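[1] dropping the sequence and predicted coords here.
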Amino acid sequence: METSYVSTTSTYNNVTTATKSPINHVPIFVLVVTILSCLLSLIGIICIFVSYYAIASVRNYIRKLLLCLTIANLLDVVGIIIGLARYILLEYRDKSNEHEQESCTLQSFITSFAPCSSFFWTVLIAVYIQVQVLKPRWVDNMSNKRATVMYHVMSWGIPGITCVVGLYYNVFGDTDDIFTGPWCWIKTNSNLPRKTAILWMFLTVKGWEILSYIILAEVLVYVVYKKYILPTCMKKRRTPFAELFGQSTQVNVSKGLRPEDKNFVYVWLIFYVLRFGGTFRFLMHIIKEPTDGVMTITDRAMMVWQAFGDTAQAFGNFIFLCVFDKSIRQHYCGNNINNVSDDHVAARREDYVNSGFTSTESLQA
């Protein structure tokens, strides 16, 4: 079993002499926050799937992309639960568990693969919105079967290959330096030098995460705010997203986007907010280990943020894409909408477009 040495420079344990511990100790409130985040995300995952299959009118292509993202979130939550179970078992019950290393490796593989895949699906949702705005004539090519297969190959294949290579080189394991919460990731012991470990952290998760930040920022700032929301609000004083997702627009009518789909813009805002804590801690640890009072307090705060945010994306998506979706609210509040199929809705909308009737009144008729 791997062991880590805790000394006077340890961030979370104040001891006067070096001692051995089978795992890195984390505060009890971090465990509580992690468990709460996992439970909320599981609720969100269930609700997203149930809403998709129960309400036919919301089943457009962007919702299918959301389902793939939710599957990645589910895998991530399962991996974190495995890490929590291992940690609790070692910390509070059986410190001599002979299978702890196998569970640590399995959990590290899952929680490296699943977040990386979720980054790809989050970016694909953003790019799909961008194409709807800038090049609506490309939408059919982005949503056909060939493109869908390519998305799956890329979003599951690239993370899978990276993690399988990491598994081959035996880089997954207990993290002696506390880059995470009560779960494993990349080994940082004497068998794997620190620089090599940090490189694998970039290759498996953090590099793709930072790349996602950059791509999402381009979509958010250039397309949504600079090109549509700000000019619309300044010139016409209309509600943000009205021009982009209004019911009378060609984009919404011809391609089946619903007015409520404007909430998908918040998917990457959720991504930024929830993942920031973990990214900040990672960068802080690779630059300099927190040793003074201010940095230690900051690290503790970011650790709580990371413990909640790293697994809470599904819950955030549930809030913005289910709770704030008018059609879904009406369905579950008793005012059931007319649940016709997505193909029927798209066909009717296309007929109105071809007939020249694209106004709100015509569509409602």
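    Arrived safely, thanks for sending. Numbering: from 1, shown residues only.
[2] and I35, what is it in contact with?
    L84 (Cβ atoms under 8 Å, 6 or more residues apart in numbering). C-beta: built from backbone N, CA, C; applies to glycine.
[3] what strand or helix carries it?
    Following DSSP states H and E, one finds I35 within helix 28-54.
[4] give me the helices and strands touching the helix or strand where I88 lies, please.
    Following DSSP H and E, one finds I88 within helix 61-88. If you count contacts as 3 or more Cβ pairs under 8 Å, 6 or more residues apart in numbering; DSSP states H and E, helix 61-88 packs onto helix 28-54, helix 100-134, helix 145-168, helix 313-318.
[5] what do you get if the cut-off is 7 Å, keeping everything else the same?
    Packed against helix 61-88 by the contact rule (3 or more Cβ pairs under 7 Å, 6 or more residues apart in numbering; DSSP states H and E) you find helix 28-54, helix 100-134, helix 313-318.
[6] which stretches of the stretch 101-250 of the chain aren't confidently modelled?
    Where the stretch 101-250 of the chain drops to pLDDT under 70, the residues are 176-179, 190, 223-250.
[7] kindly recompute the last result at 80.
    Across the stretch 101-250 of the chain, residues meeting the criterion (pLDDT under 80) sit at 132-137, 139, 176-182, 188-192, 220-250.
[8] for the stretch 251-365 of the chain, give me the ranges with low pLDDT.
    For the stretch 251-365 of the chain, the stretches flagged by pLDDT under 80 are 251-260, 262, 288-296, 333-365.
[9] at 70 what do you get?
    In the stretch 251-365 of the chain, residues with pLDDT under 70: 251-256, 290-292, 334-365.
[10] quick one on the thing from earlier: in the helix holding I35, which residues are buried?
    Neighbour-count burial for helix 28-54 flags 30-31, 33-35, 37-38, 40-42, 44-45, 47-48, 51-52 (criterion: 16 or more other Cβ atoms under 10 Å).
[11] looking at these, which is nearest M302?
    Of all these, M302 sits closest to V30, with 10.9 Å by Cβ to Cβ.
[12] quick check: closest non-adjacent residue to that closest one.
    In this structure, V30 finds its nearest non-sequential neighbour in A307, 4.9 Å apart by Cβ to Cβ, 6 or more residues apart in numbering.
[13] which secondary structure element contains the one you found?
    For A307, the element it lies in under DSSP H and E is helix 293-309.
[14] export that helix as CSV, just CAs?
    The C-alpha coordinates for helix 293-309 follow below in CSV (Å, rounded to 0.1, in the frame of the first residue of the first chain):
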residue,chain,number,x,y,z
GLY,A,293,-1.8,31.1,7.0
VAL,A,294,-3.5,33.0,4.1
MET,A,295,-2.6,30.4,1.5
THR,A,296,-3.7,27.6,3.8
ILE,A,297,-7.0,29.2,4.4
THR,A,298,-7.5,29.9,0.7
ASP,A,299,-6.6,26.3,-0.1
ARG,A,300,-9.2,25.0,2.4
ALA,A,301,-11.9,27.2,0.9
MET,A,302,-11.0,26.1,-2.6
MET,A,303,-11.0,22.5,-1.5
VAL,A,304,-14.6,22.8,-0.3
TRP,A,305,-15.4,24.5,-3.6
GLN,A,306,-13.7,21.7,-5.5
ALA,A,307,-15.4,19.0,-3.5
PHE,A,308,-18.8,20.4,-4.4
GLY,A,309,-18.2,21.7,-7.9
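[15] wait, what's in contact with C184?
    G83, C104, Q107, S108, F172, G173, D174, T175 (Cβ atoms under 7 Å, 6 or more residues apart in numbering).
[16] swap the cut-off to 8 Å and go again
    C184 makes contact with G83, R86, C104, T105, Q107, S108, T111, F172, G173, D174, T175, according to Cβ under 8 Å, 6+ apart.
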